[in-house]
Structures are given as structure tokens and as C-alpha cells.
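Colleague: Quick one: sequence plus predicted model below, questions after.
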Amino acid sequence: MSNSNLTKFHTDLKGANLRQADLTRASLTDADLTGAYLVDADLRGANLERAKLEGADLRGADLRGADLRGADLTNTDMKGADLMGADLREVELSGANLECAVLEGVSLEGALLWETNLDKADLAGANLRWANLKGAHLDDTDLSGADLQKAKLGGLNLQNTNLKDANLESANLRHANLQRAFLRYENLRGADLKGADLKDADLRRVNLKMANLEGADLRGANLTRANLEEANLESADLRGADLRKANLKEANLKSANLMGADLRGANLSGADLENALLTGADLQTVNLCGATLTGASLVGANLTEADLTNMLRLHLPTG
């Protein structure tokens, strides 16, 4: 089908069969394509701003460079579609299937992606600022280098998601599953990771300044040289965690479990360790200047060459 007629006026294409149609650079602003069959259609450079595509079949469609701002793509099937360079800002993609889709470098700023299937999708370098991914599926999804500032990722299973070099500043990751996740050098400043599962995660040199990690599971996590300044780690489980040379200045570690943790050379100056469990922890050369350890357990802890000056309410246990 030629796109010549479609560029002249807004067409009602509800349920239309447009399989393999040539719609390159077509003007379809505000068009109604609800339930349309667009398998393998060529929509390169098409203007689909505010178009209605609910329930449409776009499997294998070529949407490179298309303008889909504000479009309704609820429950669409876009498996294997190519959307590289497309503009998807504020698009509605709830319930859509984007498995194996190419979304490299696309703008999904403020997009609604509730229950969206993004398994095996390529979102490398994509802009997902403010995007809401509640209930989305991200198994083997490539989010490397993606901008996820203030994105909503709470409760998601990100165990097999590639987040290398992603920007997660101020992102909502409450109760997310990040077991064994590779997050080395990532920017998670101000992120909300309350109750998140970070067991055995690689968090070396990660920026978690002012992050909320209350009740998070960090057992066995590698936090070597991580920046946790002013972070909230109240009641967090850090048993066996590697915190060598980590910056925990003024961090909240009330009731945190640090049994057997390696804190050699860490900066805990001004940190609040009230009621923390430091049983068997390695605190050699740790800076505890001005820290609070009221009620903390230090049974079997190694405090060799630790800086204990200006300690606040330290009560070393007798047994």
C-alpha cells in the first residue's frame, strides 16, 4: 500500500490489514489504528504522534525514527519490532509485548510501561527518565548505559538485566530483586532500595550516597570502595559483606547486621551504629571518629589500629 493517501488526511484505520504496507514518513497524527494488522509494515520516519494503536499487531514492524509521542500502544504486540531512534516520550505501553524489540537509544521519558514485556529487548542507551515500569518483565533485557533517573522499578526482577553503566540516580527500586547483579561503578545516588534483594551483588565503587537501603539484603555483597555517605542502612543485612575502604561517613546503620563483614579501612566517621551487630567483623584501621555505637555488639570484632577518637557512647562488651 502506498503512503500517498495517508499523508493527506487523518484516516480511520481501525482493524485495517496493513501487513507489509509501505508507510514511510506517513503523517498519521491522531490516527485511529486500533487493532490494526501491521506485521512487517515499514513505518520508518512516520509521524504517529498521539495515534491510537491499542491492540495493534506490529510484530517485526520497522519504526526506526518514527514519532510516537503520546501514542497509545496499550496491549500492542511489537515483538521483534525495530524502534531505533524513535521518539516514545510519554507513550502508553501498558501490557505491550516488546520481546526482542530494538529500542536502542530511544526516548521513553515519562512512558507508562506497566506489565510491559521487555524480555530480551535492546534498550541500550535509552532515555527512561521518569518512566513507570511497574510489573514490567526485564529478563535478559539490555539496559546498559540507559538513563533511568527517577524511573519506577520497584518490585521488579532485575536479576538477569544488564544495567552496566546505567544511571539509576533517584530511581525507585524498592523490593527489587538484584541478586548477583553487576552494578560496579553505577550511579545510584539517592536511589530508593528499601527492602531490595542485593545478595552477592557486585557494588564495587558504586555511588550510593544518600540512598535508602533500609532493610535491604546485602549479604555477601561486594561494596569495596562504595560511596555510602549519608545512606540509610537501618536494619540492613550486611552479613559477610565486603566493605573494604567503603565510605560510610554519617551513614545510618542503626540495628544493621554486620556480622562477619569486612570493613578494613572503611570510613565510618559520624556514622550511627546504635544496636548494630558487629560480631566478628573486621574493623582494622577503620575510622570511627565521632561514631555512635550505643548498644552495638562488638564481640570478637578486630579493632586493630581503628580510630576511636571522639566516640559517642561506646560500650565495648565484656563477653
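Modeller: Nice, thanks for sending it over. Numbers count the residues shown, from 1 in each chain.

Colleague: tell me the mean pLDDT for stretch 193-201?
Modeller: For stretch 193-201, mean pLDDT rounds to 97.

Colleague: I'd guessed R239 sits against A256; true?
Modeller: No. Using Cβ atoms under 8 Å, R239 is not in contact with A256; the gap is 9.8 Å. Every residue, glycine included, has its C-beta placed from N, CA and C.

Colleague: Look at the two and report which has more neighbours.
Modeller: Using other Cβ atoms under 10 Å, the more surrounded residue of R239 and A256 is A256, with 30 against 21.

Colleague: Distance of the more buried one relative to S235?
Modeller: 6 Å (Cβ to Cβ, to the nearest Å).

Colleague: go on, L143?
Modeller: L143 is 29 Å from S235, by Cβ to Cβ.

Colleague: more neighbours, these two?
Modeller: Neighbour count, other Cβ under 10 Å: between L143 and S235, L143 has more, with 27 against 19.

Colleague: in the stretch 201-319 of the chain, which ranges drop under the pLDDT threshold?
Modeller: For the stretch 201-319 of the chain, the stretches flagged by pLDDT under 70 are 312-319.

Colleague: Do you have the helices of it handy? List them.
Modeller: Applying DSSP state H, counting those that start in this stretch to the stretch 201-319 of the chain gives no helices.

Colleague: Let me know whether L93 touches L73 as I believe.
Modeller: Yes. Counting by Cβ under 8 Å, L73 is a contact partner of L93 at 4.9 Å.

Colleague: L208 is in contact with N227, isn't it?
Modeller: Yes. Between L208 and N227 a contact is recorded at 6.2 Å, counting by Cβ under 8 Å.

Colleague: Neighbour count for these two, which is higher?
Modeller: Remark: of L208 and N227, L208 carries more neighbours, 30 against 22, as counted by other Cβ under 10 Å.

Colleague: Spit out the contact partners of that one.
Modeller: Applying Cβ atoms under 8 Å, 6 or more residues apart in numbering to L208 gives the contacts 188-189, 191, 193, 226-228, 231.

Colleague: can you put these in a markdown table and add distance to L33?
Modeller: Listed next are those as a markdown table, based on distance: Cβ to Cβ, whole Å:
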| residue | distance to L33 |
| --- | --- |
| L188 | 39 |
| R189 | 41 |
| A191 | 38 |
| L193 | 40 |
| A226 | 48 |
| N227 | 48 |
| L228 | 49 |
| A231 | 47 |
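
Colleague: and these, which two are the farthest apart?
Modeller: L193 and N227 (14.1 Å; Cβ to Cβ).

Colleague: A151 contacts L133, doesn't it?
Modeller: Yes. In terms of Cβ under 8 Å, A151 counts as a neighbour of L133; the distance is 6.4 Å.

Colleague: Many thanks, we can stop here.
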